[in-house]
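**Student:** here is a sequence together with a model predicted from it:
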Amino acid sequence: MIVAVVVAVLLLAGIAGCTVFNLLDTQRAHDDYQGQTSQTVQQVDEPGTTSEPSGETTSQTTDDATTSQTTGNQTTGNQTTSTPQGSADDLSDQIYAVTPETLSAQTSLTTASPDQSALTKLVQTLPLSTYLGGASAPSAGTLEVTYSYPTHDERDYIARDDDYVDRALVFNAAALMCTVSDLNTLTVFETEPDDDSPYTDTDRHVFTRSDMEQVLGVTLDASQLTEESWSALQAQLMEKRVWDRIWDRADRD
């Protein structure tokens, strides 16, 4: 009987001890959790220690994207490369922008009784007008047009290949002969500073009506200033074998 009582007391004491130990362990775990939570909240909310949202990164990305679309220079990634002032496509667009309606409105112009201002305005409607230095009719049947380039290598940068400048000038000659009925000879001067001296280099090309009509196989007059005829003439003048032959015939250097 005494043994049974002792065993029962020991069992009750063991159970009580385990309960107290579990309660203490639970309280310790709870205190640890509260301490960690408080520390975490304090770190997040403490001014000056938190990082800003991703707006700065977004701004940088946007700036880079904007920079990559700049005009005048082509940008690839963070590397910027210069591009020529113009291109062959630019000069082609200038050629196709000349309409027969624009030229037809000027067919009353002549070199025999020249209106210098009107002649200049006519040439200004044609390609390369940015470099136009002047236009004049010194005598009946003749017209002189000057193109001036500000630097010795400017002509090379107007297009990827300055042959396209040759083509544009041949086109201008044809357009002028279609518009000015008594124009027989067009002299084109191209001037640029000499790189090695204070003087100016001048190239001269003389386009004659007979030479151009022989190569083109058409009469260059107002009859070309209809939609169908003008489109056909433009197409011819865009062919290298055609305009290059006319350019070579006009060369006087």
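**Tutor:** That came through fine.
**Student:** the closest residue in space to T200 that isn't next to it in sequence: what's it in contact with?
**Tutor:** Beyond its immediate neighbours in the sequence, the residue positioned closest to T200 (Cβ to Cβ, 6 or more residues apart in numbering) is T191, lying 5.2 Å away. Backbone N, C-alpha and C define where each C-beta goes, glycine included. Going by Cβ atoms under 8 Å, 6 or more residues apart in numbering, T191 touches 133, 146-149, 200-203.
**Student:** go on, L126?
**Tutor:** Counted by Cβ under 8 Å, 6+ apart, L126 has contacts 94, 98, 171-172, 175-176.
**Student:** of the contacts of T191, just the buried ones, ChimeraX syntax please.
**Tutor:** Buried subset of these, written as a ChimeraX selection, criterion 16 or more other Cβ atoms under 10 Å:
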select :146,147,148,149
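**Student:** the contacts of T191 in strands, which ones?
**Tutor:** Judged by DSSP state E, the subset of the contacts of T191 located in strands is 133, 146-148, 200-203.
**Student:** before we move on, back to that, name the nearest of the contacts of T191 relative to A112.
**Tutor:** T146 (21.3 Å; Cβ to Cβ).
**Student:** pretty sure the closest one contacts V123?
**Tutor:** No. In this structure T146 lies outside contact range of V123 using Cβ atoms under 8 Å: 9.8 Å.
**Student:** what sits in contact with each of the two?
**Tutor:** 132, 135.
**Student:** helices of the stretch 101-250 of the chain, start to end?
**Tutor:** Secondary structure of the stretch 101-250 of the chain (DSSP state H, counting those that start in this stretch): helices at 116-124, 154-158, 163-179, 209-216, 227-237, 240-250.
**Student:** which of those has the lowest mean pLDDT?
**Tutor:** With a mean of 87, helix 154-158 has the lowest mean pLDDT of the helices of the stretch 101-250 of the chain.
**Student:** kindly check the end-to-end length of stretch 146-154 for me.
**Tutor:** Stretch 146-154 has its terminal residues 15 Å apart, counting by Cα to Cα, to the nearest Å.
**Student:** before we move on, what about stretch 103-113?
**Tutor:** Stretch 103-113 end-to-end distance (Cα to Cα) = 18 Å.
**Student:** give the buried residues for that stretch.
**Tutor:** Buried residues in stretch 103-113, defined by neighbour count with 16+ other Cβ under 10 Å: 103, 106, 109-111.
**Student:** how about stretch 197-217?
**Tutor:** Quick answer for stretch 197-217 (16+ other Cβ under 10 Å): 205-209, 211-212, 215-216.
**Student:** do the same with stretch 234-252
**Tutor:** Those would be 234, 236-237, 242-243, 245-247, 249-250, for stretch 234-252 by 16+ other Cβ under 10 Å.
**Student:** again with stretch 175-193
**Tutor:** Buried-residue list, stretch 175-193, by 16+ other Cβ under 10 Å: 175-180, 182-183, 185-188, 190, 192-193.
**Student:** for those, which one is nearest L119?
**Tutor:** For these, the nearest to L119 is V180 (7.8 Å; Cβ to Cβ).
**Student:** got a pLDDT number for the residue nearest to that closest one when sequence neighbours are not counted?
**Tutor:** In this structure, V180 finds its nearest non-sequential neighbour in L109, 5.2 Å apart by Cβ to Cβ, 6+ apart. Per-residue pLDDT puts L109 at 97.
**Student:** ok, T208 - contacts?
**Tutor:** T208 sits in contact with 184-185, 250, where contact means Cβ under 8 Å, 6+ apart.
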